[in-house]
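Peer 1: Next input, structure requested:
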Amino acid sequence: MKNLIIAVLVCCSAMTATAQETLSFGPVVGVNFSKISDVNNSEFNTGFAGGAQLVYSNVNNWGLGAALLYSQEGVN
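Peer 2: Predicted coordinates for the structure are as follows:
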């Protein structure tokens with residue numbers, strides 16, 4: 001059993017040693033258009049959407065990300 005655990009740890013450490021790890025950070029920017037339905041004389045209201053995101057990936061095409069976003073919505 002002890003040999004099996006050691007073999008698994010060696011294999012896992014070899015996989016992480018060859019994996020390319022990246023940490024990326026970037027902005028998120030956009031625009032919102034909102035309108036209340038079923039209300040007479042309502043118009044579209046334009047709002048700002050933005051924030052930042054952080055993505056960590058250790059293999060190609062897979063990663064874990066987090067974002068902090070602000071979205072301005074509403075109608076007049």
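Peer 1: ok, what's across the strand from the spatially most central residue of the chain?
Peer 2: By C-alpha atoms, centre = their mean, the mean C-alpha position of the chain lies nearest to Gly65, the distance being 3.8 Å. Note on Gly65: beta-bridge partners Val55, judged by DSSP bridges.
Peer 1: Please verify my assumption that it contacts Tyr56.
Peer 2: Yes. Using C-beta atoms under 8 Å, Gly65 is in contact with Tyr56, at 7.4 Å. Bear in mind the C-beta positions are built from the backbone N, C-alpha and C, glycine included.
Peer 1: in what helix or strand does Ile6 lie?
Peer 2: In this structure, Ile6 is located in helix 2-18 according to DSSP states H and E.
Peer 1: coming back round to it: tell me which residues touch the residue nearest to the centre of the chain, please.
Peer 2: Gln53, Leu54, Val55, Tyr56 (C-beta atoms under 8 Å, 6 or more residues apart in numbering).
Peer 1: Can you tell me how far the first one is from Leu64?
Peer 2: Computed with C-beta to C-beta, to the nearest Å, the distance linking Gln53 and Leu64 is 11 Å.
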